[in-house]
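>>> predicted model, plus sequence, below.
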Amino acid sequence: MNDARLADRKLRQVPQGVGTVTPVTMAKAEGALIWDQDGREYIDFAGGIGVNNIGHRHPKVVAAIKEQADKYLHGCFHVSMYEPYVDLAEKLNALAPCRGEKMTMFANSGAEAVENAVKIARYATGRLGVVCFEGAFHGRTLLTMGLTSKVMPYKYKLGAVALPGIFRAQYPYCYRCPWGLEQSSCGMRCGEHYFESEFFKYHVNPDEVAAILLEPVLGEGGFITPPPEYLGQLRSICDRHGMVLIVDEVQSGIGRTGKMFATEHFGVEPDIVTTGKSLGGGLPLSGITGSASIMNTVHPGGLGGTYGGNPVSCAAGLAVLTAFEQENLLERGAALGAKVRSALEGMQERHPCIGQVRGLGPMLAMELVKSRGRKEPAPELAKKVTAICHQEGLLILDCGTLGNNLRTLMPLVITDEQLERGLSILEKSLDRALEETKA
Ligand SMILES: Cc1ncc(COP(=O)(O)O)c(C=O)c1O
C-alpha cells in the first residue's frame, strides 16, 4: 500500500491528536536506513526521536528479543521476579554517574521515568516542590506535561494549568541569554546567583523544594547546551538545601552525546538519572537509576506497574548495553559527533540563516534565523527544509519552542557514505528552501 492511502486511512481511524510529522510510512528498517511501503529508501537522521542510537534492528537486540520470547513474555515483576530485570538494573547501576551505591527500577516510557523520579524525590525529602526549566520537555502524562514548557501542541486545554508544586526557572540559553549577557563576561548569572538571590526569593523557598529536574542538553527544547560549570552549580544548590538533583537523560542518554550519559561531560554526580528511548533498542523501556539512599526510601509496593521492566524489553536493553561494550559505540559516537559538527559548521559558514550550531557529540542542532544580527527565529524555514528533506529521502526533525532548529539523531552506526549522502541532502534542501522562500 502506498503512503497516501495509509495516510488517508490513518486520518479516518486514528485521532488527529496523534500527529505524524512526516508523510513517510515504514515497511522495513536496518542500521540507519528506512524503507517505505513502495520500497523507497530514507536515511534516518531522526532515529524514531532518539530511540535508535545503536541502529534499527541491531542484530544483538533482535537475537535477544527472539531468545527471550522463546522463554516467557510476561509474568509481572511484582508477581514473580526474573533475571533480565535484575541483570539490567545491575548494569545501569554500574554505569550511571550517580553518587554512591545505586539502584534502578524500570518503567515503560520516558514520561513514566520522570514521574517516578519525582515521586521518589518527594518521598525521600518529604517536600512537594519541583524546579523545572524553560524549554524543558519531560513527557505527555499529566505531571510531565506540567513540567514541560511548550503550550502548543503539548499543553493547551489538556489540563496542565491545574498542577501545583511546579516552579519554572530560566535555562542557560546562551545564544539568547535571558539576561541579555554574553557568555564570555556573564559571570554565570544563570547559576547559583540567580537561584539564591532571585528564584528562591520570588518563587519558592528552598525548604519546600524536593528536586531540581533538568535535561543536561534540552532535547525537544532545541538541543540547548548549558555552560560547563552549570550542572556543578546546581549540584551545590541541591547539596546546600537538601534537594534531589534529577537529570532527565531520556533523550541525551545511552550514548547519544558520545558518552553513555550527557551528564558525564559536566563531571557532576546527580542523585537520580532517568533513561528511556534508546535504552530498549526499539522496545518500550525506561529506567530510573539513583543513589540507593534515595531510591530505597519508598515503602514496598509504592513503585512499579504491570509492565514496567517487561522481560523482553529488559533483554533488549541488556543487548543494547552489550553492543556498546563490544562494538566501541561510544568512540564511534564521539567521532561521528566531530564529523557532523564540522559539516554543520561548514554549512553555517555558507548560510547566514544558520545562527548557531550547538550540542554535545552527535546530539547536534542548528538554529535557523532570519538574520544573524537580529537572531529573529525562522521556524517557517525549518519546516520547509524538513519537508524537502523528507521528499528527497532524508528523515530529519525540527525542535525548539518555536521549532526553528534542525536536530541530528542519526544512529551511531551510520556509515560514512550514508552520513555524507544525508548531509548533502540536508544542505541541498536548505538551498532549495531558501530559494523558494525568496521566490
Ligand atoms: C528529555 C525527555 N524526557 C522525557 C521524554 C518523554 O518520553 P516518552 O515520550 O517516552 O514518554 C522525552 C521524549 O521526547 C524526552 O526527550
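Thanks, I have the structure now. Residues are numbered from 1 along each chain as shown.

>>> residues contacting residue 109?
Residues in contact with residue 109 (C-beta atoms under 8 Å, 6 or more residues apart in numbering) are 139, 276, 284, 286. In this view, the C-beta of every residue, glycine as well, is placed from N, C-alpha and C.

>>> disregarding residues adjacent in the polypeptide, which is nearest to the spatially most central residue of the chain?
Centroid-nearest residue in the chain, with C-alpha atoms, centre = their mean: residue 251, separated by 1.8 Å. Nearest residue to residue 251, sequence neighbours excluded (C-beta to C-beta, 6 or more residues apart in numbering): residue 219, at 3.4 Å.

>>> thought that neighbour was touching residue 139?
No. With contact defined as C-beta atoms under 8 Å, residue 219 does not reach residue 139; the gap is 10.9 Å.

>>> who has more neighbours, these two?
More neighbours surround residue 219 than the other of residue 219 and residue 139, with 29 against 25 (other C-beta atoms under 10 Å).

>>> from the ligand, how far out is the more buried one?
Distance, residue 219 to the ligand, by C-beta to the nearest ligand atom, to the nearest Å: 4 Å.

>>> if we can go back for a sec, inside strands: which ones of the contacts of residue 109?
Residues of the contacts of residue 109 located in strands (DSSP state E): residue 286.

>>> would you verify that residue 105 is located in a strand?
Yes. Assignment of residue 105 by DSSP: H, G, I helix; E, B strand; the rest coil places it within a strand.

>>> just the strands in the stretch 1-150 of the chain please.
28-30, 33-35, 41-44, 102-107, 129-133 (DSSP state E, counting those that start in this stretch).

>>> in its sheet, what does the longest one sit against?
In this case it means strand 102-107. strand 286-291 (antiparallel) (DSSP bridges).

>>> do the first one as well
Paired with strand 28-30 in the same sheet, following DSSP bridges, are strand 33-35 (antiparallel).

>>> run through who's touching the partner strand.
24, 26, 27, 28, 29, 41, 42, 43, 44, 56, 395, 418.

>>> farthest pair within the residues you listed?
Within the contacts of strand 33-35, two members stand farthest from each other by C-beta to C-beta: 27 and 418, at 18.4 Å.

>>> among the two, which residue is more densely surrounded?
Counted by other C-beta under 10 Å, residue 27 and residue 418 do not tie: residue 418 has more neighbours, with 20 against 12.

>>> list of residues touching the helix or strand hosting the more buried one?
Assessed by DSSP states H and E, residue 418 sits inside helix 416-438. For helix 416-438, contacts defined as C-beta under 8 Å, 6+ apart pick out 31-33, 43, 45, 336, 339-340, 343, 347, 350-351, 353, 380-381, 384-385, 388-389, 392-394, 396, 406, 410, 414.

>>> ok, 7 Å please
Helix 416-438 is contacted by residues 32-33, 43, 45, 339, 343, 347, 351, 353, 381, 384-385, 388-389, 392-394, 396, 410 when judged by C-beta atoms under 7 Å, 6 or more residues apart in numbering.

>>> pull out the buried positions in the helix or strand bottoming out on mean pLDDT in the chain.
In the chain, the helix or strand scored least confidently by mean pLDDT, DSSP states H and E is helix 3-13, which has a mean of 91. For helix 3-13, burial by neighbour count (16 or more other C-beta atoms under 10 Å) applies to residue 6.

>>> what does stretch 323-343 give?
Applying 16+ other C-beta under 10 Å to stretch 323-343 flags 323, 324, 329, 330, 332, 333, 334, 336, 337, 340, 341, 343 as buried.

>>> check those residues against the ligand, which are close?
Counting by C-beta under 6 Å from any ligand atom, nothing from the buried residues of stretch 323-343 sits close to the ligand.

>>> residues in contact with residue 393?
Counted by C-beta under 7 Å, 6+ apart, residue 393 has contacts 41, 42, 43, 425.

>>> between these, which is closest to residue 241?
Using C-beta to C-beta, these come closest to residue 241 at residue 43, 47.0 Å.

>>> so what's that closest one closest to, chain neighbours aside?
Residue 43's closest residue in space is residue 422 (C-beta to C-beta, 6+ apart), at 4.1 Å.

>>> neighbours of that neighbour, how many?
Neighbours of residue 422 using other C-beta under 10 Å come to 25.

>>> do you know how far it is from the ligand?
21 Å.

>>> from residue 69, how far out is that residue?
33 Å (C-beta to C-beta, to the nearest Å).
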